[in-house]
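Chemist: The amino acid sequence is not available; the structure is as follows:
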């Protein structure tokens, strides 16, 4: 839908116009406008059209010239643990269970606090704004601190209070975690930027009664349900020993799935498991970098695509990645599945970009609001520079975004109509203060936790 105006009508004033660049809409028709323009008023996109058509209909006190650049929907990170940026590099080159039990869980027990979570989220928000992520999904502790920091930075988030069976930094028991989750939901339900969620850690760290209580809470408030699923062979073994079923089949057997469930990883699944995920409308967050780095395995993305599973991309936490750059996630997803399938046609650049935009929106149940540049949707968009040596020459803008561009090529980031970064200058965070705060806490973390270089 595009606004039209009579020849005699005066142009309507809006808040922001971006004009002159290549606009990749990611809409149903996969329109690419070369050149294109976007009119934004308040938090909404009013028009996506040619520069001439937009200029004829709208004026704005703020215009961003995007000539020679690419404009696209903001990237959507469907799985992560934002405050864990403060554990970046704390322990590397380890299998997941070893990494968790020997390093991460002990580090969290000693160092996670409301202050640490807020500072870590500010650092993560800075990194995400600078690298073009406009919506992120999170499951961690003190989730209210994550929500407050994300809102202050201007980011959109689908955020869930983590519930786990052993004493957590903010909840001694699963019942305490559930109470915190409900309080968190009540605080942020209806927020324009924050979508509260319930985040049971996994089937192997919770019993069935708590898993179902999490489901019931999600149903009660009609919010997303976020969990880890079938990430490692160890997880599959544990669940099979307990139930005789795969993790997916076990959760199906107890009636766990809610209408808006996000399953992170989904690596070790059978054909029957995939059918369950399709039947229940479960969205899968694919985390190629974390899965490779932890040697957890390769998710069956070709099967997911063929079955039309809602499929998005995630970075996971920066402690196991070690960054939050969704451009890297796109590139690695494309490369990994070409290699794994021995088919260079697998996960081509347009599919990888779809997973990072509209695919992620579908996973989160937000496809009517974000994921593409269309009239009426939220104004979440980024501007990417493409004038560097490694981006020259430019034949196909989508190929360049997936195979040649990086997060630091993002020049401007807009969320809900607010410019968060312009010409690489972040407007909503004091970069020097965020970095200084993170470095101060890193000293305390290193003093509290004995780190060993894995060899």
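Modeler: Okay, I see it. Being a predicted model, the structure only gives us computed values, none of them experimental. Numbers count the residues shown, from 1 in each chain.
Chemist: pLDDT weak spots in the protein?
Modeler: Along the chain, the model assigns pLDDT under 70 to residues 1-8, 450-455.
Chemist: Just give me the residue right at the centre of it.
Modeler: Nearest to the mean C-alpha position of the chain, by C-alpha atoms, centre = their mean, lies residue 77 at 1.3 Å.
Chemist: Name the residues linked to that residue by a beta bridge.
Modeler: residue 136 (DSSP bridges).
Chemist: what's the burial count for residue 430?
Modeler: 12 (other C-beta atoms under 10 Å). Where C-beta positions appear, they are placed from N, C-alpha and C, glycine not excepted.
Chemist: same deal with the one 5 residues further on?
Modeler: A total of 13 residues lie near residue 435 under the criterion other C-beta under 10 Å.
Chemist: Looks to me like it is in a helix.
Modeler: Yes - looking at residue 435 with DSSP: H, G, I helix; E, B strand; the rest coil, it is inside a helix.
Chemist: For residue 81, see how far away it is.
Modeler: 20 Å (C-beta to C-beta, to the nearest Å).
Chemist: which SSE is the closest residue to residue 283 other than its chain neighbours in?
Modeler: With C-beta to C-beta, 6 or more residues apart in numbering as the criterion, residue 283 has its nearest non-adjacent residue at 3.2 Å, and that residue is residue 363. Residue 363 is part of helix 358-364 when elements are defined by DSSP states H and E.
Chemist: After that helix, which helix or strand is next?
Modeler: Following helix 358-364 toward the C-terminus (DSSP H and E): strand 381-385.
Chemist: ok, back up a step: may I have the residues that are in contact with the residue nearest to residue 283?
Modeler: Residues near residue 363 by C-beta atoms under 8 Å, 6 or more residues apart in numbering: 76, 78, 262, 283-285, 310-312.
Chemist: So which residues of the stretch 51-200 of the chain form strands?
Modeler: Secondary structure of the stretch 51-200 of the chain, counting by DSSP state E, counting those that start in this stretch: strands at 58-59, 62-65, 69-73, 75-77, 133-140, 156-163, 194-200.
Chemist: Please produce TSV containing those, extended by distance to residue 350.
Modeler: Shown next, in TSV, are these (distance: least, C-beta to C-beta, whole Å):
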stretch	distance to residue 350
strand 58-59	30
strand 62-65	25
strand 69-73	12
strand 75-77	15
strand 133-140	20
strand 156-163	24
strand 194-200	27
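Chemist: Deepest-packed of the ones you listed, please.
Modeler: Comparing the strands of the stretch 51-200 of the chain by mean neighbour count (mean count of other C-beta atoms under 10 Å), strand 75-77 comes out on top with a mean of 30.
Chemist: and that one, what other elements does it pack with?
Modeler: strand 133-140, strand 311-313, helix 326-341, helix 358-364 (3 or more C-beta pairs under 8 Å, 6 or more residues apart in numbering; DSSP states H and E).
Chemist: how about those in CSV, adding distance to residue 19?
Modeler: Shown next, in CSV, are the helices and strands packed on strand 75-77 (distance: least, C-beta to C-beta, whole Å):
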stretch, distance to residue 19
strand 133-140, 20
strand 311-313, 29
helix 326-341, 24
helix 358-364, 23
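Chemist: sorry, back to before: who wins for neighbours among the contacts of residue 363?
Modeler: Among the contacts of residue 363, the one with the most neighbours (other C-beta under 10 Å) is residue 78, at 33 neighbours.
Chemist: wait, it sits on residue 366?
Modeler: No - judged on C-beta atoms under 8 Å, residue 78 makes no contact with residue 366 at a distance of 10.4 Å.
Chemist: who touches both of those two?
Modeler: By C-beta under 8 Å, 6+ apart, no residue touches both residue 78 and residue 366.
Chemist: which stretches of the stretch 51-200 of the chain form helices?
Modeler: Assigned helices in the stretch 51-200 of the chain, in chain order: 51-57, 96-99, 105-111, 114-130, 143-153, 174-188 (criterion: DSSP state H, counting those that start in this stretch).
Chemist: winner for burial among those?
Modeler: helix 114-130 comes out most buried of these by mean count of other C-beta under 10 Å, with a mean of 24.
Chemist: Which neighbouring elements make contact with that one?
Modeler: Helix 114-130 sits against strand 133-140, helix 143-153, strand 410-415, strand 418-422, strand 425-426, helix 431-448, with contacts defined as 3+ C-beta pairs under 8 Å, 6+ apart.
Chemist: Any idea which of the strands of the stretch 51-200 of the chain gets closest to residue 341?
Modeler: Of all those, strand 75-77 sits nearest to residue 341, with 24.3 Å by C-beta to C-beta.
Chemist: from the middle of its chain, how far away would that closest one be?
Modeler: What separates the centre of strand 75-77 from the centre of its chain is 4 Å, taken as C-alpha atoms, centre = their mean, to the nearest Å.
Chemist: Then stretch 17-24?
Modeler: Its chain's C-alpha centre and that of stretch 17-24 lie 24 Å apart, by C-alpha atoms, centre = their mean.
Chemist: what separates the closest residue to residue 197 other than its chain neighbours from residue 37, distance-wise?
Modeler: Nearest non-adjacent residue to residue 197, counting by C-beta to C-beta, 6+ apart: residue 160, 3.6 Å away. Between residue 160 and residue 37 the distance is 37 Å, computed by C-beta to C-beta.
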